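> build me a structure from this.
(one chain, ligands or ions: 1)
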Amino acid sequence: MTRKPMMAGNWKMNMDHLEAIHLVQGLALDLEDNNFDSEKVEVVVCPPFTDIRSVQTLIESDNLPIAYGAQDVSVHDNGAFTGEISTAMLTKLGVTHVIVGHSERREYHGESDALVNEKARKVLAAEMTPIICCGEALEVRQAGKQVSHVVAQIKAAYEQINSEEALKTVIAYEPIWAIGTGEVATPEDAQEVCGAIRQCLSELYDQETADQIRVLYGGSVKSSNVADIMAQPDVDGALVGGAALKADEFGKIVRFA
Ligand code: PEP
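Next up, the predicted model:
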């Protein structure tokens, strides 16, 4: 089973809309200069909401081989939900991917497994791809419970999602202790949990379905460590934070092969 690798950049709360244009232009130039083949790797950037219109205009007008996503979405359709953004607003802007359940949303905004599931279903209903995040805190890893913790998150995230829908999802395993810390999981650590996630998917659905769902690794991925992580059989790409804010560095990550 060959799964097309995905390299997704999570810009978090960085880059205003002018900086966003500059970054996407730089990335596009880097990819073009290096004969990037978009058949081989799917590239996604996830800017803040305020940048999406500018990124859309640039990507569509220059027909760039880059998809763009949002970092979060509301479970509501419209109405009195101050500060929230709906799936319809995102689809209108041509957004194709939405990160759901990032550990920073879980930690700073109290997002529960149930809410993450609701968001994933909302994104699927709007025909976008949810990038469903999971991952353990340092204490959980120190207690040796990373696999059971992440498997429980995955089971909760996929409730009421059928196999046809599951095929349209992407998972990002991001150990919290490795996010933005420079502390990258070893390739074996990443494989242990990504392999367990695939095993869990095969139990929730079947092996054929599990074999088609991409599982990304995230946590201090850089151009210098991406190849070793990507060499793991159950790692199908990366969700990249800090290193996605530099066009040449993210370009190198995209061109890991
Ligand atoms: C992230 O927050 O999704 C992430 C992986 O960040 P970083 O690459 O900076 O660790």
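
> can you get me a residue count around the residue in the chain positioned nearest to the ligand?
Proximity to the ligand, evaluated over the chain using Cβ to the nearest ligand atom, is greatest for residue 241 at 2.2 Å. Quick note: C-beta positions are derived from backbone N, CA and C, even for glycine. Around residue 241 there are 22 other residues, counting by other Cβ atoms under 10 Å.

> just the buried positions in the helix-or-strand element of the chain with minimal mean pLDDT, please.
Here the helix or strand of the chain ranked lowest by mean pLDDT, DSSP states H and E is helix 138-142, holding a mean of 95. Buried residues in helix 138-142, counted by 16 or more other Cβ atoms under 10 Å: 140-141.

> for stretch 74-84, same thing?
74-75.

> how far does it sit from the chain's center?
Here the centre of stretch 74-84 is set off from its chain's centre by 23 Å, with Cα atoms, centre = their mean, to the nearest Å.

> hmm, who's touching it?
Contacts to stretch 74-84, defined as Cβ atoms under 8 Å, 6 or more residues apart in numbering, come from residues 85-88, 115, 118-119, 122.

> if we go to 7 Å?
Stretch 74-84 is contacted from outside by 85-86, 88, 118-119, 122, using Cβ atoms under 7 Å, 6 or more residues apart in numbering.

> average model confidence for that stretch?
Stretch 74-84 shows an average pLDDT of 98 in the prediction.

> for that stretch, measure first residue to last.
Terminal residues of stretch 74-84 are spaced 6 Å apart (Cα to Cα, to the nearest Å).
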